[in-house]
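Chemist: predicted model follows, preceded by the sequence.
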Amino acid sequence: GLTGSDSDSDMELSSSNNDVGGALDSLLSSIGGKGGKTSKKKSRPIRNEVNSDVNDEDSEQGDEEDQYMMDQDGHNEEDEDESGIDDESPDDDEDENVDSDDEGGDASRGEDGYAQHFNKSPLPEAEEALAKAIAPLHKLRKVPCGTSHTDSSLDVMLSGSVLDRLKSDDTSGYNSSSAAQVFADVSDSHYAGVRKVLTKNWRRVNRKAVRRNVDGGDDDNKDGLKSEPGKGGKRRFTALQSTLYPSLSSYADIQITAESRENRNDIGDLLALHILNHVLTSRGRVQKHNRRMKELREREEAAEEAGEAAGQGMADEADEERWRDQGYTRPKVLVLLPTRGTAVTFVQRMLSIMGESADIGHFDRFEAEYSAGIVQDDDEDGDASNQRRKAVLASKGEDWNELFGEEANDDDDFKIGMSLTPNAARRSKTKGAKAKASDVSGGVSVKLYSDFYRSDIILASPLALKMATSGDEENDGDVDFLSSIEVCMVLNADVLLMQNWDHVGSCLEALNHQPTKSNDTDFSRVRNYLLAGQAAYWKQLIFVSRIADPYIMSTFKHHAKSVAGRLKIRRKVPADEATICDVLVRVRQVFQRVPCDIQTQGDDRLKYFKEKVLPQIVRLNQKHTLIYVPSYFDFVALRNMLMKNESTSYNFVSVTEYSRGSEVTRGRARFVQGRKAIMLYTGRSHYFMRHNIKGARHLILFGLPEHAEFYPGLMNMLMEGPSGDSDVEVEAPSSCLALFTKYDAHALERIVGTKHCAKMIQGEKNTFLFCS
């Protein structure tokens with residue numbers, strides 16, 4: 001089904017009390033004081049690029065701008081064979097991003113975030129010393145609001161090397177202009193270490209985003225941030241990207257809860273660039289070490305045959321500590337996504353950045369199994385039923401159609417491995433012959449559907465990955481291929497939240513365990529921090545979501561342990577951008593705060609409804625009452641309570657994500673006709689189905705919806721009368737009651753705005769009235 005989850009999908013908030021409380025405290029500290037016919041489908045080809053709206057004129061201009069960035073020298077490295085050692089070992093002194101001693105980046109190319117992060121010494125093993133060493137790295141500090149390069153609604157909190165740079169830039173404290181320049185300088189410095197095969201196409205891919213600069217501040221252009229010296233100030237990144245990239249390329253843990261339709265391509269493209277550079281840099285380093293080790297062995301053998309002793313230089317190079325460049329297993333990147341359609345989008349981003357340099361294997365199979373379908377209508381466009389079907393789909397919204405519409409692949413059970421081999425194109429052209437400098441192409445071989453143990457990147461849904469790693473009575477499940485994950489991305493976290501968030505937690509728990517089998521591992525090449533069991537502290541965790549939610553934030557807090565620090569980006573909501581402004585119906589909207597503790601908030605909310613709300617409904621014999629329940633657990637408790645009440649036991653219907661189509665149709669008909677006075681409507685049913693409930697005159701929100709756009713959508717359903725006719729007279733005016741607790745601060749902020757939220761959460765009164 002669409003949900004891909006079991007009935008126990010919603011987590012009890014009390015299961016992560018401390019983390020949720022911390023998320024709430026973080027929010028309050030940031031806002032306090034600041035105020036028909038059957039359709040047939042056929043395979044639709046996958047576009048090679050995500051940003052298809054870049055026109056030919058832009059492309060020609062980009063070719064001129066990017067000419068200086070083209071790879072003139074090529075790459076002088078061979079791909080390893082199946083055994084991991086090359087048949088030939090050409091000179092590779094100019095291999096990009098991998099210097100001769102592997103101790104850091106090439107100074108001429110900028111900072112090498114990969115070398116700086118993975119060459120760090122292991123942490124202390126004693127628990128007390130370990131905690132003392134980690135604590136300062138995770139102490140976040142807020143970048144002052146009003147930095148000249150970002151929108152004032154963005155809140156940025158960070159720790160690690162970027163924060164140290166901000167501190168050292170101005171001894172008197174933070175300065176908005178200096179902070180903006182530090183972000184720009186560090187972004188350019190780290191970008192200079194990106195592999196050339198990726199930089200050739202990055203400007204073309206990102207050009208439109210830079211021009212729009214969605215989250216740029218008012219002073220962004222006025223400050224004239226330095227970028228790309230000697231090239232007329234041409235910029236590589238948007239304001240949001242320049243804020244994100246320094247921490248991203250430094251392998252800090254990142255939590256973004258400010259994604260939107262306008263900036264999602266900016267964020268997605270930057271993440272794709274990062275993981276591609278990470279994988280290709282890692283693979284290139286292993287290839288280079290393979291050749292160096294082979295050359296060293298040949299020199300030693302030649303010295304033995306000549307009866308000579310190995311020189312000191314050869315002895316130094318023979319030190320195995322130099323060659324520790326990999327993990328227990330090959331997979332380095334795990335990307336968790338909700339549907340096949342979102343997986344296609346992310347793969348498109350990566351292929352677009354690699355451009356013509358990518359030689360893709362098994363692409364036809366991927367296209368057939370993951371691409372969306374093209375709907376072919378049996379009826380002509382003028383047919384009434386066809387037009388009605390299109391109108392219904394359009395009414396569900398663009399976001400819904402992109403995830404679950406007729407042209408979207410909404411399958412949530414998938415997993416696929418990808419292997420990337422740098423410079424394989426050159427090898428295929430010169431197979432069996434000595435490579436020449438003129439033959440170097442610097443391409444990348446991309447193989448889809450590779451075995452997990454031979455993959456570099458794994459894209460999967462949490463459901464599929466949990467099923468693949470779960471054991472049974474005889475087997476414990478194979479999770480060894482996840483033992484050396486270095487970058488884990490959880491994309492579209494808000495969609496995963498509506499599926500089964502427990503699966504996400506299970507997948508994260510399976511990462512970075514010590515393997516149970518050898519898996520042909522060369523332990524002389526395994527990094528020291530892995531041998532010490534500290535892989536979790538070198539893993540980068542990235543969460544991207546459109547909303548801030550306690551479950552998402554507590555999971556991130558629990559699993560984010562990177563020694564490189566953290567970065568959190570959230571968005572404040574101005575009063576004029578709150579979704580309550582989109583309510584079109586004239587109705588008094590009452591928000592009632594329910595006093596409670598974090599451990600008992602569910603029971604306290606149910607008790608308040610039973611003692612204060614339900615008696616009024618029964619006394620007034622109120623009909624056409626729609627009760628929206630975000631949590632399925634709350635729905636079960638509320639349904640059981642209504643069934644035990646003599647006045648309501650046979651006078652309500654339910655519409656849930658698990659209801660059959662016939663049950664939904666029958667329930668909606670009885671509700672709109674007034675034969676049933678109450679309808680219970682769950683949040684996930686609305687998310688996946690977007691029913692337009694007719695006949696509602698009174699709306700009760702048992703809890704605030706996670707997605708703020710649902711609030712005006714539900715409110716505007718009150719515009720129609722009991723029979724779907726807005727002119728039908730009713731016995732009482734429409735009403736709306738929303739119950740919330742102080743632990744619903746994030747959802748409340750999106751509905752009423754940041755300033756109103758602070759007053760409603762911290763104020764002495766418990767009842768608040770809004771009129772539209």
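Modeler: That came through, no problem. Just so it is clear, the model here is predicted, and its values are computed rather than measured.

Chemist: ranges for the helices of the stretch 201-350 of the chain?
Modeler: Under the criterion DSSP state H, counting those that start in this stretch, the stretch 201-350 of the chain carries helices at the ranges 220-223, 239-249, 264-305, 312-317, 340-354.

Chemist: for the record, mean pLDDT for the third one?
Modeler: Yep, that's helix 264-305 we're talking about. For helix 264-305, mean pLDDT is 91.

Chemist: quick one: it to helix 340-354, angle?
Modeler: 60 degrees (axes from the mean of the first three to the mean of the last three C-alpha atoms, to 10 degrees).

Chemist: tell me the angle helix 264-305 makes with helix 239-249.
Modeler: Using the same axes, to 10 degrees: helix 264-305 against helix 239-249 is 30 degrees.

Chemist: rewinding a little: most packed of the helices of the stretch 201-350 of the chain?
Modeler: Most buried of the helices of the stretch 201-350 of the chain, by mean neighbour count (mean count of other C-beta atoms under 10 Å): helix 239-249, with a mean of 27. To be clear about C-beta, it is placed using only N, CA and C from the backbone, and glycine gets the same treatment.

Chemist: show me what it is packed up against.
Modeler: Packing contacts for helix 239-249, counted by 3 or more C-beta pairs under 8 Å, 6 or more residues apart in numbering; DSSP states H and E, involve strand 154-158, helix 161-169, helix 176-191, strand 253-256, helix 264-305, strand 566-571.

Chemist: those: which one's closest to residue 399?
Modeler: With C-beta to C-beta as the criterion, residue 399 lies closest to helix 264-305 of the helices and strands packed on helix 239-249, at 10.6 Å.

Chemist: what's in contact with stretch 259-275?
Modeler: The contact list for stretch 259-275 (C-beta atoms under 8 Å, 6 or more residues apart in numbering) reads 50-51, 194, 198, 202, 205-206, 209, 212, 214-215, 237-238, 240-241, 244-245, 248-249, 256, 333, 335, 345-346, 349-350, 352-353, 398-399, 457, 487, 489, 491, 542, 544-546, 571.

Chemist: ditto for stretch 636-651
Modeler: So stretch 636-651 is contacted by 602, 606, 609-610, 614, 617-618, 627, 629, 652, 654, 676-678, 680, 702 (C-beta under 8 Å, 6+ apart).

Chemist: circling back: make TSV from the helices and strands packed on helix 239-249 and add distance to residue 127 to it.
Modeler: TSV is the format used below for the helices and strands packed on helix 239-249 (distance: least, C-beta to C-beta, whole Å):
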stretch	distance to residue 127
strand 154-158	26
helix 161-169	25
helix 176-191	33
strand 253-256	21
helix 264-305	30
strand 566-571	21
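
Chemist: residue 323 is nearest to which of those?
Modeler: helix 264-305 (5.1 Å).

Chemist: distance check, the nearest residue to residue 241 once chain neighbours are set aside against residue 188.
Modeler: Among residues not flanking residue 241 along the chain, residue 270 sits closest, at 5.1 Å (C-beta to C-beta, 6 or more residues apart in numbering). Relative to residue 188, residue 270 is positioned 14 Å away (criterion: C-beta to C-beta, to the nearest Å).

Chemist: circling back to that earlier point, for residue 507, which of the helices and strands packed on helix 239-249 is the nearest?
Modeler: Closest of the helices and strands packed on helix 239-249 to residue 507 is strand 253-256, at 16.2 Å (criterion: C-beta to C-beta).
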